[in-house]
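Participant: Predicted structure and sequence below. I'll ask about it afterward.
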Amino acid sequence: MRQRRTNMQIWDFEGKTAVITGAAQGIGKMVAEGIVRGGGKAIILDLNEEKAKATAEELGNGSCAYRVDLGSCANIREVMAKVIEENKRIDVVVNCGGIVSRTFFEDLTDEEWQRVHRINLDGTFAMCSSVFRHFKENGGGRIVNVASVAGKIGGGLMGRAAYASSKAAVIGLTKAIAKEGGRYNICCNAVCPALTKTPMTSALDEEANNRIISMIPLGRAAEPYEPAQMILFFASEAASFVNGEIGDVDGGLVLD
Ligand SMILES: NC(=O)c1ccc[n+]([C@@H]2O[C@H](COP(=O)([O-])OP(=O)(O)OC[C@H]3O[C@@H](n4cnc5c(N)ncnc54)[C@H](O)[C@@H]3O)[C@@H](O)[C@H]2O)c1
């Protein structure tokens, strides 16, 4: 662990390369920043190529960006093959990219249900799957999936049925990969944030925002660096014996 700068703990990523999806903005961007502050290289994968490139440039230390559509497993496999070929060795994958669905269950269409699961669940599956063999050949690696408290409590904060279902499935997938990956020194953990101040939640009106905050014992929303800190811990060697853990960063909301 290196020295503390600003309010974010610095974990050691010296000589490590991390792929972070959805890192053009929000929580993912803070994770990418933490990787670089720890001495590592961040590879940003995002649908928003322009923003992803600007973030990589801002971070420096050899960081780079690739456009990916998490809604297409074929595109993910193609991009990840290129990422591995061009960067030689990947040590960490953080699956942060995702979308929210606020539609009530009774109004949910097949299209919205499928789109949310395609991006949040299938996208996470294809990312993990496309790096698993590489990690196995390299003697190990670390995966951190970003789920949500919605996956534990059936939504109801911001995301509803489709979102909650996709994130609950990410939690199950995380545990399964942890079980199968352990023998290859592949660790897979997940982080469940609650309300965090990012572009994703900026659409909430004051009433909805206050209603959600009233459910959180700490009585406030998280800053993006707060879930990022737990993600970085799980991604670092400091968590070398942590595998299959689902960590809540929720101000005391779930308490399980
Ligand atoms: N903000 C919260 O309150 C909160 C709470 C719980 C969980 N989460 C989870 O944390 C993660 C990050 O959320 P955030 O708040 O930073 O969101 P955000 O909307 O600010 O950022 C999400 C990023 O994902 C990218 N993305 C979206 N769809 C994509 C696709 N099809 N292909 C590639 N990239 C795509 C976006 O371009 C964006 O850069 C998400 O998985 C989200 O579900 C967020």
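Facilitator: On my side now, so go ahead. Numbering: from 1, shown residues only.

Participant: Find the nearest non-adjacent residue to residue 229, please.
Facilitator: Distances taken as Cβ to Cβ, 6 or more residues apart in numbering place residue 9 nearest to residue 229, at 5.7 Å, with adjacent residues excluded. Placement of C-beta: from N, CA and C, glycine included.

Participant: how many other residues sit next to that neighbour?
Facilitator: As a burial measure, residue 9 scores 20 neighbours (other Cβ atoms under 10 Å).

Participant: now swap in the one 3 residues further on and tell me
Facilitator: Burial of residue 12 is recorded as 14 neighbouring residues (other Cβ under 10 Å).

Participant: Apart from its neighbours in sequence, what residue is nearest it?
Facilitator: Once flanking residues are discounted, residue 12 sits nearest to residue 38: 5.4 Å by Cβ to Cβ, 6+ apart.

Participant: follow-up on the earlier one: am I right that the residue nearest to residue 229 is in contact with residue 232?
Facilitator: Yes. At 7.5 Å, residue 9 counts as touching residue 232 under the criterion of Cβ atoms under 8 Å.

Participant: Can you pull the residues of the stretch 51-200 of the chain lying near the ligand?
Facilitator: 68-71, 96-100, 119, 146, 148, 193, 195-196, 198-200 (Cβ under 6 Å from any ligand atom).

Participant: Can you tell me which residue of the stretch 1-150 of the chain sits closest to the ligand?
Facilitator: For the stretch 1-150 of the chain and the ligand, the shortest gap (Cβ to the nearest ligand atom) falls at residue 26, measuring 2.2 Å.

Participant: ok, that residue - contacts?
Facilitator: Neighbouring residues of residue 26 by Cβ atoms under 8 Å, 6 or more residues apart in numbering: 96, 196, 198-200, 224.

Participant: Now it: closest residue in space that isn't a chain neighbour?
Facilitator: Among residues not flanking residue 26 along the chain, residue 198 sits closest, at 3.6 Å (Cβ to Cβ, 6+ apart).

Participant: State the number of residues packed around the nearest residue to residue 174 once chain neighbours are set aside.
Facilitator: By the measure of Cβ to Cβ, 6+ apart, the closest residue to residue 174 outside its immediate chain neighbours is residue 190, 4.1 Å from it. Residues lying near residue 190 (other Cβ under 10 Å) number 30.

Participant: One more: the one 4 residues further on?
Facilitator: Summarising burial for residue 194: neighbours were counted as other Cβ under 10 Å, giving 26.

Participant: With the one 3 residues further on instead?
Facilitator: For residue 197, the count of nearby residues is 16 (other Cβ under 10 Å).

Participant: Return the helix or strand in this protein with minimum mean pLDDT.
Facilitator: Least confident helix or strand of the chain, by mean pLDDT, DSSP states H and E, is helix 206-213 with a mean of 95.

Participant: if you skip the residues just before and after it, what's nearest to residue 152?
Facilitator: Nearest non-adjacent residue to residue 152, counting by Cβ to Cβ, 6+ apart: residue 254, 5.4 Å away.

Participant: what about residue 252, which SS state?
Facilitator: At residue 252 the chain is in coil, as set by DSSP: H, G, I helix; E, B strand; the rest coil.

Participant: Do I have it right that it meets residue 217?
Facilitator: Yes. Counting by Cβ under 8 Å, residue 252 sits close enough to residue 217 to count as a contact (3.5 Å).

Participant: And the two? Which one has more around it.
Facilitator: Neighbours were counted for residue 252 and for residue 217 using other Cβ under 10 Å; residue 252 has more, 12 against 9.

Participant: can you give me the strands in this protein?
Facilitator: With strands called from DSSP state E, the chain shows them at 17-21, 41-46, 64-67, 92-95, 141-146, 186-193, 246-249.

Participant: got the buried residues for the fourth one?
Facilitator: To tie it back to what came earlier, the one meant is strand 92-95. 92-95 (16 or more other Cβ atoms under 10 Å).

Participant: which residues touch residue 121?
Facilitator: Under the criterion of Cβ under 8 Å, 6+ apart, the neighbours of residue 121 are 166, 169-170, 173.

Participant: No more questions from me, cheers.
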